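A.B. asks: structure of the sequence below:
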Amino acid sequence: MEEVFIAPIVIFLVVVAPIWLVLHYRSKRQLSQGLSEEEYAQLSELSELADKMTDRIKTLEAILDVETPEWRSKV
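C.D. replies: Numbering: from 1, shown residues only. Presented below is the predicted three-dimensional model:
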């Protein structure tokens with residue numbers, strides 16, 4: 001009965017475990033590296049767009065406050 005379990009265990013230790021370890025530590029290394037230059041540039045661009053959108057929303061709210069003071073209570 002023990003011979004039945006030896007073959008799968010050996011196959012696991014020789015084939016599956018090393019591949020599993022390599023993939024695990026490769027993914028850990030990629031996570032620890034941080035953002036790439038392209039990702040950082042994209043993040044900066046999105047941050048600038050968000051700031052512009054915030055300014056536009058504040059302007060629109062100011063215009064609505066002047067033209068229609070009760071617009072906030074209608075929602």
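
A.B. asks: distance check, residue 23 against residue 30.
C.D. replies: 11 Å (C-beta to C-beta, to the nearest Å). In this view, the C-beta of every residue, glycine as well, is placed from N, C-alpha and C.

A.B. asks: all helices for the protein, in order.
C.D. replies: 2-11, 17-32, 37-67, 71-74 (DSSP state H).

A.B. asks: how near is residue 61 to residue 70?
C.D. replies: Residue 61 is 13 Å from residue 70, by C-beta to C-beta.

A.B. asks: more neighbours, the two?
C.D. replies: Between residue 61 and residue 70, counted using other C-beta atoms under 10 Å, the more crowded position is residue 61 (12 against 8).

A.B. asks: what is the burial count for residue 64?
C.D. replies: Residue 64, neighbours per other C-beta under 10 Å, totals 13.

A.B. asks: that one: what's its closest spatial neighbour, skipping adjacent residues?
C.D. replies: residue 71 (4.9 Å; C-beta to C-beta, 6 or more residues apart in numbering).

A.B. asks: pLDDT score for that neighbour?
C.D. replies: Note on residue 71: pLDDT of 88.
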